[in-house]
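# Based on what follows, work out the 3D shape:
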Amino acid sequence: MPSEHGGWAFTLEPVLLGLLVAYSWRGVLLGLIALLGFLLRTPLKTVMVDRRRRRSLRRTVMARNAATVEVAMLIGLFSVLAMGPDLRFVVPLLVAVPLVAIEFWYDIRSRSRRLVPELAGTVGVGSVAAAIALIGGVSASVAAGLWLVIAARSVAAVMFVRLQLRRAKQQPYKHAGAGQTLAVVAVTVGAVVGLVPWVAWGSIVVLAIVHSWLARRPPPSVPVIGAQQVVLGLFVVLTAGLAFIAP
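Prediction:
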């Protein structure tokens with residue numbers, strides 16, 4: 001699941017990237033499952049937090065009912081998806097389970113805004129790009145490259161957004177250069193070993209440069225920060241996606 005600072009964007013980006021590289025109706029179905037999983041996070045978190053605190057409120061009942069319906073829908077949709085002949089898509093999802101579990105562990109302890117769960121959640125949801133691509137018939141190496149690119153994008157974005165939010169609220173902060181550096185190093189390794197096209201590598205480098213430049217300017221309002229990330233996310237998805245499908 002995506003971090004709270006990422007919201008819909010961190011769920012949609014891997015879905016769009018996977019579909020751009022290898023579109024299929026089963027890929028669309030998996031994208032819908034990912035979005036439904038994002039919706040499930042809020043009521044499930046409410047139920048688990050209230051249960052941990054040994055209380056049952058009106059909101060608890062409402063959240064439990066909503067979670068029950070959404071879980072039933074997820075099971076039904078995933079059952080349809082699993083009826084296909086190629087089940088390779090399950091592999092990246094299983095690999096991402098520990099990352100999602102880390103985020104959920106922090107969620108039920110009301111600590112979801114910490115760095116570890118935010119990074120774990122956004123990197124974990126990136127597995128959807130790989131899974132959708134595998135459903136569409138691409139090789140395992142291409143799927144791995146897609147996950148690497150979207151994970152690098154997520155790490156860079158999470159670190160940058162955290163920085164900007166703290167600056168906007170005039171709270172103590174440290175520059176997020178480490179996140180940008182880690183993202184660039186990750187895709188550089190991927191490009192060198194042949195998992196990531198150099199054009200896709202360039203999109204992450206541009207992202208890191210833009211983040212570094214924005215971090216040296218006065219912080220904008222929260223809606224503007226969000227809008228900036230939507231634009232940058234689409235830039236990475238379109239640039240990297242086209243690079244993966246280019247002959």
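
# so where's this protein uncertain?
1-7, 174-176, 247 (pLDDT under 70).

# repeat that for 80
Low-confidence segments of the chain (pLDDT under 80): 1-9, 84, 110, 112, 170-176, 247.

# And the helices in it?
Using DSSP state H, the helices assigned to the chain run over residues 8-21, 25-52, 58-81, 90-107, 115-125, 127-135, 140-168, 177-192, 198-214, 222-245.

# name the helices or strands packed onto the longest one?
In other words, helix 140-168. For helix 140-168, the packing partners by 3 or more Cβ pairs under 8 Å, 6 or more residues apart in numbering; DSSP states H and E come out as helix 8-21, helix 115-125, helix 127-135, helix 177-192, helix 198-214, helix 222-245. In short, each C-beta sits where N, CA and C put it, glycine included.

# Would you mind finding the most buried of those?
helix 127-135 (a mean of 30; mean count of other Cβ atoms under 10 Å).

# Only alpha carbons, please: show that one as PDB.
Output of helix 127-135 as PDB, limited to C-alpha atoms (Å, rounded to 0.1, in the frame of the first residue of the first chain):
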ATOM      1  CA  SER A 127       5.400  -4.500  -7.300                       C
ATOM      2  CA  VAL A 128       2.100  -3.900  -9.100                       C
ATOM      3  CA  ALA A 129       3.900  -2.500 -12.100                       C
ATOM      4  CA  ALA A 130       6.000  -5.700 -12.300                       C
ATOM      5  CA  ALA A 131       2.900  -7.900 -11.800                       C
ATOM      6  CA  ILE A 132       0.900  -6.100 -14.500                       C
ATOM      7  CA  ALA A 133       3.800  -6.300 -16.900                       C
ATOM      8  CA  LEU A 134       4.200 -10.100 -16.300                       C
ATOM      9  CA  ILE A 135       0.400 -10.600 -16.900                       C
END
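
# hang on, the earlier thing: right, and the helices and strands packed on helix 140-168 - which one's nearest Phe38?
The closest of the helices and strands packed on helix 140-168 to Phe38 is helix 8-21. By Cβ to Cβ, the value is 4.6 Å.

# sorry, back to before: between the helices and strands packed on helix 140-168, which one is closest to Phe160.
helix 198-214 (4.4 Å).
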